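Asker: output the structure for:
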Amino acid sequence: MTQTPGVTAPSYDVAQPLDIDFAGAFADVTEDERAYQLAVRTFVQDEVLPIIDGYWERAEVPFELVKRMAELDFLRDGVDVPGRPKVSLMAEGLAAMEMSRGDASVTTICGVQGGLALRSIVMLGSPEQVERWAEPMARGEILGAFALTEPTHGSDSVALETTAVRATRDGVDGYVINGEKKWIGFGSCGDITVVWARLVGDGADNAVHGFVVPQDAPGYAATTIEGKASLRAIWQAHIVMTDVFVPAENALPGARSFKDTGRVLQATRLGVAWSAVGQAVACYETAVAYSKQRIQFGRPLAASQMVQERLTRMLSTLTQMQLLVARMTRLDEAGVLTGPQASLAKYTCTRGAREIAATARDMLGGNGILLQNRVARHFADIEALHTYEGTESVQALIVGRDITGVSAFA
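Answerer: Below is the predicted model:
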């Protein structure tokens with residue numbers, strides 16, 4: 001806590017890392033994984049936290065941080081890019097946790113650029129496509145978007161209505177794409193968008209395919225969505241595509257059904273759980289620091305039995321979240337993680353983060369709504385995290401189907 005001369009209201013130091021791991025969930029990480037985690041933490045402490053409140057409040061993208069993440073090789077979100085060091089799944093998770101401890105918009109930038117757009121190209125693209133786009137995306141020279149969600153198809157994304165039809169223009173074979181997408185990160189301020197569309201027309205399979213669409217293509221119109229109360233430091237777009245032509249070489253050869261789309265999404269779902277842990281850590285750190293510094297009734301809040309019980313409850317939830325993501329990541333490394341297991345991790349961790357954020361916000365009283373005290377920003381951003389990559393209800397239905405053997409989606 002600091003006191004400015006002539007000012008009655010103190011300011012509180014609530015942003016210092018506590019390195020919380022009460023049950024030793026991360027005790028077996030390697031030295032390299034720990035070093036990667038701490039490198040991200042240093043970036044967050046030195047470069048993200050000092051400036052992010054202003055970007056969040058103004059609803060602006062911190063492009064200076066995007067450039068720095070590319071320089072530090074954080075922008076690819078751990079996705080394998082030829083010629084760059086491999087990042088283990090545990091290191092990738094720890095990095096997402098640390099980045100989210102700083103800010104969820106910054107983490108989402110990495111998730112969109114690396115986890116979704118770049119991963120789609122690396123996982124489902126041809127060698128020529130990987131060579132063309134992967135390295136420039138890792139360097140931040142090309143910014144990518146991932147366009148799956150539609151205005152009328154969010155959770156029901158498998159029923160998407162955007163279409164692609166085989167066509168020839170000026171002697172070039174390709175596809176004409178028509179449709180709308182919504183909530184597309186970097187869809188209005190990037191360079192390329194991985195668009196998921198249903199292939200229709202004569203001889204088409206009516207299945208979902210993936211296409212790399214330049215954002216400057218004629219007929220591609222994107223509007224930045226305004227008025228968001230969450231993830232304000234990343235621009236998301238409403239995209240309208242009217243007779244957008246892409247050459248055949250821009251079709252991802254490995255993206256020929258919604259199952260292929262699902263492979264990309266499953267690979268990112270565990271990352272969302274890690275992000276939830278990071279935001280929960282930030283809120284818990286703030287609550288602990290504030291309770292020690294805030295004086296009420298002649299003593300620090302930490303001396304109150306009620307406050308100690310709340311801190312214990314928060315730590316209990318956080319510890320369960322940490323153990324869950326650590327275990328699920330080890331299963332993923334072994335190649336045996338299932339879709340329902342990833343869904344359970346996302347379901348559990350975003351719910352837990354919500355609870356911790358709400359408790360921390362309450363503990364800080366009026367100071368809990370100030371951006372400078374961290375909790376308010378995370379409190380709002382967790383709402384988006386809880387929704388994207390599949391809502392709580394969708395995750396529950398995936399796990400419920402696994403439990404019962406009965407699908408309740410219809």
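
Asker: okay, now the unreliable bits of the protein?
Answerer: Residues of the chain meeting the criterion pLDDT under 70: 1, 3-8, 154-157, 410.

Asker: mind giving me the domain split of it?
Answerer: 31-138, 144-256, 259-404 (automatic domain parsing).

Asker: which one, of the ones you listed, ends up nearest to Ala25?
Answerer: domain 259-404 (4.0 Å; CB to CB). In this view, the C-beta of every residue, glycine as well, is placed from N, C-alpha and C.

Asker: show me where the protein has strands.
Answerer: In the chain, the strands defined using DSSP state E lie at 144-147, 163-169, 172-185, 192-200, 208-214, 220-224, 236-247, 295-296, 299-300.

Asker: can I get the ones you listed in TSV including mean neighbour count?
Answerer: Converted to TSV, the strands of the chain look like this (neighbours: other CB atoms under 10 Å):
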stretch	mean neighbour count
strand 144-147	28
strand 163-169	17
strand 172-185	20
strand 192-200	24
strand 208-214	23
strand 220-224	17
strand 236-247	20
strand 295-296	12
strand 299-300	13
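
Asker: closest one to Asp77 among those?
Answerer: strand 144-147 (11.3 Å).

Asker: what packs against the closest one?
Answerer: Packing contacts for strand 144-147, counted by 3 or more CB pairs under 8 Å, 6 or more residues apart in numbering; DSSP states H and E, involve strand 172-185, strand 192-200.

Asker: distance check, Gln305 against Tyr290.
Answerer: 17 Å (CB to CB, to the nearest Å).

Asker: show me which of these two is the more surrounded one.
Answerer: Taking neighbours as other CB atoms under 10 Å, Gln305 and Tyr290 compare with Tyr290 leading, 26 against 7.

Asker: only alpha carbons, please: show stretch 241-256 as CSV.
Answerer: Provided in CSV are the C-alpha atoms of stretch 241-256 (Å, rounded to 0.1, in the frame of the first residue of the first chain):
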residue,chain,number,x,y,z
MET,A,241,-19.1,-12.3,-47.4
THR,A,242,-20.8,-11.7,-50.7
ASP,A,243,-19.5,-13.7,-53.7
VAL,A,244,-16.0,-13.8,-52.3
PHE,A,245,-13.7,-15.8,-54.6
VAL,A,246,-10.8,-17.7,-53.4
PRO,A,247,-8.5,-19.8,-55.6
ALA,A,248,-8.4,-23.6,-55.1
GLU,A,249,-5.0,-23.3,-53.6
ASN,A,250,-6.5,-21.6,-50.6
ALA,A,251,-8.7,-24.6,-49.7
LEU,A,252,-7.3,-26.5,-46.7
PRO,A,253,-7.0,-30.1,-47.9
GLY,A,254,-7.3,-31.6,-44.4
ALA,A,255,-10.5,-29.7,-43.7
ARG,A,256,-13.2,-31.7,-45.2
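
Asker: and it, how far out from the chain's middle?
Answerer: With CA atoms, centre = their mean, to the nearest Å as the basis, stretch 241-256 stands 25 Å off its chain's centre.

Asker: tell me the contacts of the residue nearest the centre of the chain?
Answerer: Centroid check for the chain by CA atoms, centre = their mean gives Thr108 as the closest residue, at 3.8 Å. Thr108 makes contacts with 185, 231, 234, 384, as judged by CB atoms under 8 Å, 6 or more residues apart in numbering.

Asker: how many other residues sit next to the spatially closest residue to the last one that is not a sequence neighbour?
Answerer: Meaning Ala384. Leaving aside its sequence neighbours, Ala384 sits nearest to Ser230 (CB to CB, 6 or more residues apart in numbering; 4.1 Å). For Ser230, the count of nearby residues is 18 (other CB under 10 Å).

Asker: gap between Ser230 and Ser88?
Answerer: According to CB to CB, Ser230 stands 30 Å off from Ser88.

Asker: thanks again, I'm all set now.
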